[in-house]
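A.B. asks: need coordinates for the below:
(chains A, B, C and D)
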Amino acid sequence: MTGISILIGLAGIITAAAPIVFATIGETITERAGVINLSVNGTIILTAMVGFATAVTTGSTLLGFLAGMLVGGLVSLIIAFSSITLKQSQVAVGFVLALLCRDLAYFLGNPFMGLSGPRLSNFHIPLLKDIPLLGVLFFRQDVMTYLSILLIFAAWIWIFRTRPGLMLQGIGERPAAAFVRGANVNLMRYVYTVIGGALVGLAGPVYSLSVKAGWKGTISGLDGIGWIALAITIFGGWNPLRAAFGAYLFALLQWAGLVLQPSLPNIPSQVLQVAPFPLMILALLLVNIGNTEWIERTLAGLPEDVRRLIAKILRSLRASPPASLGVPFEQD
Amino acid sequence: MQKLSDRGINLLFQSGAILLALLFTTIVLVLSDAPPIEAYRNILIGSFSSWKQFSDVLVAWVPLLLATAGLLVTFTAGLWNIGIEGQITLGAIFCTGLLRLTLGGDVPPWMAISLSILAGMIGGALWAALAGVLKTFGGVNEIFGGLGLNFVATALTLWLIFGPWKRPGIGSMSGTEPFPMELWLPQIPGLRLSVWSILIAVIGIAIIYLLLQGTYFGLKLKAVGKNMRSAYILGIPTTRYMMSSFLICGLFAGLAGSIQVVAVYHRLIPSISSGYGYLGLLVAMLVNYQALWSIPVSLFFAALNIGSIQLPIVLKLDSALAGVLQGSLVLFVLIMQGARSRFTKRLLR
Amino acid sequence: MKKSVIWRLLSLLLVAVFVLAACTPAATPPAEETQPPAGEEPPAAEGLKFGMLLVGPFNDHGWSQAHYEAGEYVEEKLAGSEMVYVDKVNPADRPGTTPAQLAESVVQQGATIVIFNSDDMKDSALEFAQANPTIPVIHASGDSSWVDGADFKNLPNLINIMGRMEYGKMMAGCAAALTTQTGNIGYLGPLINDETRRLAASAYLGARYCWENYLDKDPADLGFKVTWIGFWFNIPGVTSDPTQVADDFFNSNFDVVISGIDTTEGLVEAKKFAAEGKAVWAIPYDYIGSCSEAPEVCLGVPYFNWGPAYLENFKAIQEGTWEAHWEWNGPDWSDINNPDTSAIGFVKGDALSDEASAQLDQFISELAGGLNLWTGPINLQDGTPYLADGEVATDQQVWYLPQLLEGMEGQSVPSE
Amino acid sequence: MEVSLIGIHKYFGAVHANEDITLKIPSGSIQGILGENGAGKSTLMKVLSGFIQADKGEILLNGKQVVIESPSDAIQHGIGMLHQDPLDFPPMKVIDNFIIGSRLPLFPKKSVVYREITQLQKQFDFDLDLEAYVESLTVGERQQLEILRLLWLGASVLILDEPTTGISAPQKNKLFETLRLLAGQGKTIIFVSHKLEDVEQLCDRVAVLRQGKLVGVEVPPYNIESLVTLMFGKLVNLADRQDTCTETPILRVEDLALESPRLRIDHVNLEVREGEVIGLAGMEGSGQLLFLQACAGLVRPIHGRILINNKDLTGKRYHVLMKEGVTYLPASRMEEGLVMGLTLNEHFALAGENQGVFIDRQAIQEVTSTRIKEFNIKGTPRSTVESLSGGNQQRALLALMKNQHSLILMEHPTRGLDIESSIWIWSKLKNRCSSGSAIIFISSDLEEILHYSDRILVFFAGKVSPPIPAEATHVDQLGQLIGGKGWDKLGLPDLQL
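C.D. replies: Next up is the predicted model:
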């Protein structure tokens, strides 16, 4: 492969990862507020269908994206309502919705199978596109890809650098303390769940109107992506930058799988495709294992220097979820 | 009196949930220009109108019930074993593997079948143990560990089917070479149903019922599920119990996978788990983790799956409708549960 | 305890609701009373109901839709005939069912002939044919009824039908070779088996022939690369993403992508690249209408036309002259796009230049005149001679091709 | 600001938590609110700080009626509350704790916050590192953070809920100094406590609550006896000391070293004999919990040995130690003692011995009924534990203990209980001692430690005192040691080495 084609391939990864970026950032925001939206897989499929159907009917991709966000927001509203207001298990409701939305998409999406619909075209940013290396990599993409990159930084700045963002962290960490500081905890949880859900809902149309243009029902190649996005959120340690890194890493491994296919004749393609999952499990293992009791016990039995070294390594890897993730807040 | 009106309220909300689910599905049907009553009628006809069709429902019911039975154990231990799909798959893989070993040997068929079912159970348990070890010793949430392992299991199946276990000459989605008739679980003549698999399912759910209702093991598992720290302080080895619940669920999932191989497909196919794991999660949620109730509810879900085949045939509708009905049923039951406790709380105040 | 009472009542209610739903249109008698049980002689009706099991969605713009429309073709041509179909016949979409079981369902709806439309239904087709000896079974693709095949199963009521898509793929390859400016053709392959290998190889043979004979170029300069995604369509996390594969082809100097999979990513991506001003093209597969998603980059599509074969078989069945045989139907060389006679065809796409179009016509007429590209010398990918100089491949040698051919890049055999 | 509460009523279900409370607090004064646990102090303060709303009654600030619907309403009106367990965000930086809930712009300028807080710190001679993470601060420092934060937000009424729990004597002195300073500046301080000495030392006026009612307001000089009578409705006397100590050793700890992410303890030596009670004193997080858990096998020591009944059980897990007769009673009953959702029957089945495969419900029912009677638990065998009151939960927890335990390890055995319940529980525990059990317990109540222990270990920031006989010390000395003073006079283990 030539240098330029590698570069273009990498640029393709940024495009391919864009919907996963939307979904993981959305999920990160929701979980930061202490709510788990487990419906991601169903939401992406449903919004891909709705976005495509809307765009085909109206001829406007913009409306398609908005429809996706609307539906994603509605689905997450159900989760917010049943978990925040009705105190039902978020995991249960989210899981049911993951299955329900998927089947709903297949059922209602039938008339739109295989239609030729509008697709987002690339928009080369003048001047920037000519920067060596970076131009090819970042500035010859479509609008949603640019947005996905912007979203990473916007989400990061919001969570770590703004006053409401700090409050968002607080709500997920210790809702009672946030309440004392004037936050309407449950309202904010509603808001962030719906915003996160809308972002997840954007991932669907980004697929059906850009990355994997079209709607093909069960063979659209979307079933499973939501679960992957969820895993990446955890991998990302509730930090938009890390989550985005996870999304890009995933797309990179997928790409590497097919690029390497000819040079590794003895490795079946499925093995390369599935490589991200063991890797993800390994990553989850590394970030979590420092929190387990048996590691603490084992460490206590080790000589001083070894113990300190290992403890230091584990601490640097550790990512703790928002302390109140999944815990309903009751104000007495 | 208080008790009675409590029940009345409960009943009101629960039937409300069912009506809402039906209403929702009906709206979906109307939206897609389909006749709702006709659709429901055809689903029923497709599953209950003849003994033959009902036997097909039972064929789907057995693995679903077994998966649900396993999940009741992990749910009791407070675990969301979403990795059950992979555990069913591994059960099927192990079962197929052992049956392949017996091919051409002198093993009597009944023994080959029993051994392969056993192997399948072990395979399911091993895969569950992996999720369990990740959870208990690695701190990896079972939902995410399980999901990852599901993908790995699918890939493993495909690799086996297209690679080492491919059929002579071809490798295709149709799976591995079917086993000779002797290696099938004996079926009722003229039906695809095997009395043996029904027996296995009934015994399976009975064991789970007894285990959870009447034994110290079940009670301790419940304590672990409700409060792990307290359970530990009360002297229950929580790690061991969590692992046991994973293993038991894995055994049942592997059993379901084996049934899929020896009684349904007679070979390994790409989506051998048939989504029974996910469906089983829905059933377990719907029955509120009560073993005996999972029998009729899983039967109902199986009937929806089988009956919905009529939709494309008769009404040219997509049979994903069954999933819509199943999903909305569980969703509305959950929502109504919440609504009810809110309602009764307000009454108290 | 309280809970269980509730659940008991609840399930009663559930049953009640469904019984109600079932009983409402009481005027219609239950279906099974009017239908004969499976296996018995159907009542003599003037029309004919045939069952069709489709592996994918009936409107997939691909393999399954080609069959579905063939069914419609038969309905139109054969008076009184009616199709009963089930689509998405695969265990992923219909958990807990087998194609044999679904075949029974269509028989219950009155079908007296059953078509299984996918290679994947082979076992079920055999099982069903065995269990229902009076019902003619047509299995599209497969070699079970091929007396000289490697896997002959002697069943009186089962036939296999397949189109000689090798020709279609040769035409696709030729169109690609005549169009490519970079001299690199990408082939988007599904999973690796005999069928997919021979189709990819045929495309290569067609491409090489036209490259050499019409363009006078050195075959060594023709790049032909197969990338397998691992399945007929994309399953995230399990297969490679065909979108990524197509993009990768177009990004790495391959300007024509020939699709061997059920979905149209190759075409869709070509459209995207073309919109950015890149000169790229694509050739979809299976279905006559496949170009419609992006006609401006479509060089044409090799497609199956199952209708005539179905019609002919149905007529024979009605007349009682039908018996087991094996069909591997080629195009009607007088008009490969004749909907009534040609089993496979190739419709040219808008993007095919006039010059290439003319050359492709010439190629087609050469094929019609007896040109056989499966003639030696042909070496397998690893250099082993497969056909000696002048040796013409037998049907078996084509059908059971063990490897890709020399000159093709890409995996040949799934690893053991 | 002058605060008036008029006719406040608050119900929780059937419980009348505040009954017609009317109280006027003048500006610039320190008002004490005294009462036992459950007297309604916290409820009243939550009403005032907007955490909950009164069912009836009015709140007047400087004579003007106000409606306070949330904590942020309260702070708008200048009322800030310091909760017993500081409501802050442990994993976040101090500076961020200031910014959250402030009225700063979207992108807060940290330099401004720095300047303002530093100025404020100087006023009170505080020294918080704004870049530090809250979880690395002591409870006292976290209180300082909250006080600063509330003042920075413009609070002119400060409510402090049991602020002296878990802080050292010098920290307490520092806090009181600050509070007097604030009162001097005209702020109104409301000081909620159940500790007579604190109130006596600090407050200008004291209102006493009992069972939801305001039963009296006193001014200095206080008559302690009358305050106690007001609090409890009668005078309460602790039971006499009982000496149950024998010569047979149960537990021997040799040169123990322990480590947690924030703390290290070295060279602990202790021998506990049958019938003996050892009290562990120290402010929260000083290492006493780590030590207790190590004795239970919940934490593995990094050095040294633990012997129980002369068996070396170093590094063994809790369940192994349990078999040797060790039991552990945690502080948070519902989090790590009892299992919410299970009935008393099920608890006794779980804790019972001789378990087979199947549960003999009949037998369990009998055991449960006996224990319920014996431990005076208000509930039935079928009651779920969460339906019991706190005192009954604690009794149930004690009732779950097996009979032949040789070593009982307890965190805060009487925290949250009224005096009478505490006395009853201790009488039960002492009975166990006379039959040969030994007890090691943690308490933040020095009186409790002095009264019931035979010997006392004091912990301060990872330092551990040698066992001090209870008769040889007194509240003042213990208080000083807990605060890190007077250690030189003890002859510390590491000085001996």
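A.B. asks: please give me every residue in contact with residue 93.
C.D. replies: In the absence of a named chain, this looks at chain A. Applying Cβ atoms under 8 Å, 6 or more residues apart in numbering or on different chains, one finds that A:V93 lies in contact with A:38-39, A:78-79, A:82-83, B:331, B:334-335. Quick note: C-beta positions are derived from backbone N, CA and C, even for glycine.
A.B. asks: please go with chain C instead
C.D. replies: Counted by Cβ under 8 Å, 6+ apart, C:D93 has contacts A:T218.
A.B. asks: tally of neighbours for the residue in the stretch 101-250 of chain A that chain B sits nearest to?
C.D. replies: Proximity of the stretch 101-250 of chain A to chain B (Cβ to the nearest Cβ) peaks at A:D103, 3.1 Å away. A:D103 is flanked by 24 other residues according to other Cβ atoms under 10 Å in any protein chain shown.
A.B. asks: and the closest residue to chain C within the stretch 151-300 of chain D, what pLDDT?
C.D. replies: Minimum separation of the stretch 151-300 of chain D from chain C (Cβ to the nearest Cβ) falls at D:G212, amounting to 34.0 Å. What the model reports as pLDDT for D:G212 is 86.
A.B. asks: using the three-state scheme, assign residue 327.
C.D. replies: By default, I'm working from chain A. coil (DSSP: H, G, I helix; E, B strand; the rest coil).
A.B. asks: meant chain D, my bad for not saying
C.D. replies: strand.
A.B. asks: can you give me the end-to-end distance of stretch D:430-444?
C.D. replies: Separation of the first and last residues of stretch D:430-444 by Cα to Cα, to the nearest Å is 19 Å.
A.B. asks: just how off-centre is that stretch within its chain?
C.D. replies: Relative to the centre of its chain, stretch D:430-444 is centred 20 Å away, using Cα atoms, centre = their mean, to the nearest Å.
A.B. asks: check which residues of it are buried.
C.D. replies: D:430, D:432-433, D:436-444 (16 or more other Cβ atoms under 10 Å in any protein chain shown).
A.B. asks: re the thing from before, what's the closest of the contacts of A:V93 to D:D360?
C.D. replies: Minimum distance to D:D360 across these is 36.0 Å, recorded for B:L334 (Cβ to Cβ).
A.B. asks: can you report how many residues neighbour that closest one?
C.D. replies: Around B:L334 there are 21 residues (other Cβ under 10 Å).
A.B. asks: isn't D:V157 up against D:M81?
C.D. replies: No - between D:V157 and D:M81 there is no contact under Cβ atoms under 8 Å: 9.0 Å.
A.B. asks: where along the stretch 201-350 of chain D do the strands fall?
C.D. replies: For the stretch 201-350 of chain D, the strands defined by DSSP state E, counting those that start in this stretch cover D:205-210, D:213-218, D:249-260, D:263-273, D:277-282, D:303-308, D:311-312, D:326-329.
A.B. asks: can I get those strands in CSV with mean neighbour count?
C.D. replies: Listed next are those as CSV, based on neighbours: other Cβ atoms under 10 Å in any protein chain shown:
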stretch, mean neighbour count
strand D:205-210, 23
strand D:213-218, 17
strand D:249-260, 19
strand D:263-273, 18
strand D:277-282, 26
strand D:303-308, 18
strand D:311-312, 12
strand D:326-329, 23
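A.B. asks: follow-up on the earlier one: sticking with the residue of the stretch 101-250 of chain A closest to chain B, tell me its helix or strand.
C.D. replies: Taking DSSP states H and E as the criterion, A:D103 maps to helix A:90-108.
A.B. asks: what's the following helix or strand after that helix?
C.D. replies: helix A:134-138.
A.B. asks: helices or strands next to that next one in the packing?
C.D. replies: The contact analysis (3 or more Cβ pairs under 8 Å, 6 or more residues apart in numbering or on different chains; DSSP states H and E) places helix A:134-138 against helix A:3-32.
A.B. asks: the helix it packs on to helix A:90-108, inter-axis angle?
C.D. replies: 120 degrees (axes from the mean of the first three to the mean of the last three Cα atoms, to 10 degrees).
A.B. asks: quick one: helix A:3-32 near chain D?
C.D. replies: No - contact of helix A:3-32 with chain D (Cβ under 8 Å from any Cβ of the partner chain) is absent, the minimum separation being 12.5 Å.
A.B. asks: buried residues, that helix. List them.
C.D. replies: Here helix A:3-32 shows A:7-32 as buried, counting by 16+ other Cβ under 10 Å.
A.B. asks: need the mean per-residue confidence for that helix.
C.D. replies: Helix A:3-32 comes out at a mean pLDDT of 89.
A.B. asks: measure the residue of the stretch 151-300 of chain D closest to chain C to B:G46 for me?
C.D. replies: Distance, D:G212 to B:G46, using Cβ to Cβ, to the nearest Å: 65 Å.
A.B. asks: so how far is B:S47 from the residue of the stretch 101-250 of chain A closest to chain B?
C.D. replies: 18 Å.
A.B. asks: cool, C:A270 as well?
C.D. replies: Relative to B:S47, C:A270 is positioned 46 Å away (Cβ to Cβ).
A.B. asks: check D:S156 too.
C.D. replies: 72 Å.
A.B. asks: and C:Y85, by the same measure?
C.D. replies: C:Y85 is 20 Å from B:S47, by Cβ to Cβ.
A.B. asks: B:V140 now?
C.D. replies: Distance from B:V140 to B:S47, by Cβ to Cβ: 40 Å.
A.B. asks: name the SS class of the residue of the stretch 201-332 of chain A found nearest chain C, please.
C.D. replies: The minimum distance from the stretch 201-332 of chain A to chain C, using Cβ to the nearest Cβ, falls at A:G221 (2.9 Å). Put simply, A:G221 is coil when judged by three-state DSSP.
A.B. asks: does stretch C:286-300 reach chain A?
C.D. replies: Yes - Stretch C:286-300 comes into contact with chain A (Cβ under 8 Å from any Cβ), by way of C:292-294.
A.B. asks: return the residues of the stretch 51-200 of chain C in contact with chain B.
C.D. replies: Near chain B, when you scan the stretch 51-200 of chain C using Cβ under 8 Å from any Cβ, you find C:58, C:84-88, C:90-92, C:94-98, C:100-102, C:104-106, C:109, C:118-123, C:150-151, C:191-195.
A.B. asks: which residues sit in contact with the closest residue to D:M92 other than its chain neighbours?
C.D. replies: What sits nearest to D:M92 in space, not counting adjacent residues and going by Cβ to Cβ, 6 or more residues apart in numbering or on different chains, is D:V134, at 6.2 Å. D:V134 is in contact with D:88-94, D:97, D:142, D:145, counting by Cβ under 8 Å, 6+ apart.
A.B. asks: closest to C:N132 out of those?
C.D. replies: Closest to C:N132, out of all of the contacts of D:V134 and judged by Cβ to Cβ, is D:P91, at 68.0 Å.
A.B. asks: the closest one contacts A:E173, doesn't it?
C.D. replies: Yes - D:P91 is within contact range of A:E173, at 6.4 Å (criterion: Cβ under 8 Å).
A.B. asks: with adjacent residues omitted, what lies nearest to the residue of the stretch 101-250 of chain A closest to chain B?
C.D. replies: That would be B:G323: by Cβ to Cβ, 6+ apart, it lies 3.1 Å from A:D103.
A.B. asks: what separation do you get for that neighbour and chain D?
C.D. replies: 32 Å (Cβ to the nearest Cβ, to the nearest Å).
A.B. asks: over to C:R164?
C.D. replies: Using Cβ to the nearest Cβ, C:R164 is found at 68 Å from chain D.
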